[in-house]
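Asks: next come a sequence and a model predicted from it.
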Amino acid sequence: MRIPIYIRAVGLLAGLTASGFAGVAPYHVAPAAPEVALGAAPQPKISQALREGEDLRFAIKWGALTGGYSSLKVQNMETIEGRPTYHVVAEARSAGLVDTFYHVRDRNEAWVEPETPSTLRYARQIHEGKYRVEEQVTLDQTTHHFHQHSYRIDKQRYEDKEGQIPSNVLDVLGGLYYVRRAQRRHRLPADGESEEAPDH
């Protein structure tokens with residue numbers, strides 16, 4: 001399913017460049033055992049917020065000037081360490097006059113296991129002006145350990161980091177869908193859409 005969405009924003013970098021997506025260090029979003037108040041309606045699962053094939057596209061504009069484009073896509077289902085995950089891809093690129101002065105080509109990827117929910121892998125390829133980096137992060141949700149390997153292309157420098165993580169860690173992309181599941185019941189209908197229409 002492809003859903004084009006065009007938005008106006010004040011500033012390309014404040015919009016959807018990878019710097020906005022670049023949650024290098026994983027952070028704790030989902031509690032290991034969430035408590036539900038007696039009589040409260042159950043929260044939708046994160047799998048209800050992730051739809052395979054959903055493709056959201058954005059344009060960043062100042063008046064008639066287009067500064068860049070971005071997309072957020074649930075590309076497909078993949079198996080990571082024997083566990084089914086949603087492969088989420090976010091891309092951003094500058095365009096037109098902005099591209100002449102500040103070249104942006106960013107790609108961020110996350111593999112989100114929906115049942116826990118938690119992120120099992122995160123990767124990014126960032127090209128913003130002279131700054132260029134490639135990075136892969138593996139999150140072992142069983143041993144609560146992460147390993148991050150990065151390469152600064154512009155400086156020809158490798159770096160490795162590792163450490164402990166709490167239970168059910170999500171990267172920033174997985175976090176977006178985690179928040180989205182809570183918004184499903186309170187969403188505003190899109191233009192031309194009835195209030196009863198399902199979420200897309």
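Replies: All right, it came through fine. Residues are numbered from 1 along each chain as shown.

Asks: poorly predicted segments of the chain, please.
Replies: For the chain, the stretches flagged by pLDDT under 70 are 1-48, 182-200.

Asks: tell me where it has strands.
Replies: Here the chain has its strands, by DSSP state E, at 2-4, 27-28, 55-62, 65-80, 83-94, 105-113, 118-128, 131-140, 145-152, 157-164, 169-170.

Asks: TSV for those strands, including mean neighbour count?
Replies: (Glycine included, C-beta is placed from N, CA and C.) Converted to TSV, the strands of the chain look like this (neighbours: other CB atoms under 10 Å):
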stretch	mean neighbour count
strand 2-4	10
strand 27-28	13
strand 55-62	18
strand 65-80	17
strand 83-94	21
strand 105-113	23
strand 118-128	22
strand 131-140	18
strand 145-152	16
strand 157-164	10
strand 169-170	26
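
Asks: my guess is Gln136 contacts Phe146. True?
Replies: No. In this structure Gln136 lies outside contact range of Phe146 using CB atoms under 8 Å: 10.9 Å.

Asks: on contacts alone, who are the packing partners of the helix ranked longest in the chain?
Replies: In the chain, with assignment by DSSP state H, the single longest helix is helix 172-183. Here helix 172-183 touches strand 83-94, strand 105-113, strand 118-128, going by 3 or more CB pairs under 8 Å, 6 or more residues apart in numbering; DSSP states H and E.

Asks: restricting to C-alpha, output the first one in CSV.
Replies: Coordinates of each C-alpha in strand 83-94 appear next as CSV, following Å, rounded to 0.1, in the frame of the first residue of the first chain:
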residue,chain,number,x,y,z
ARG,A,83,12.2,-14.2,15.3
PRO,A,84,9.8,-12.5,12.8
THR,A,85,10.5,-8.7,12.5
TYR,A,86,9.1,-5.8,10.5
HIS,A,87,11.8,-4.2,8.3
VAL,A,88,11.3,-0.4,8.6
VAL,A,89,13.1,1.9,6.2
ALA,A,90,13.3,5.7,6.5
GLU,A,91,15.0,7.7,3.7
ALA,A,92,15.7,11.5,3.2
ARG,A,93,17.2,13.4,0.4
SER,A,94,17.7,17.0,-0.4
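
Asks: in the longest helix of the chain, which residues are buried?
Replies: Val172, Leu173, Gly174, Gly175, Leu176, Tyr177, Tyr178, Arg180, Arg181 (16 or more other CB atoms under 10 Å).
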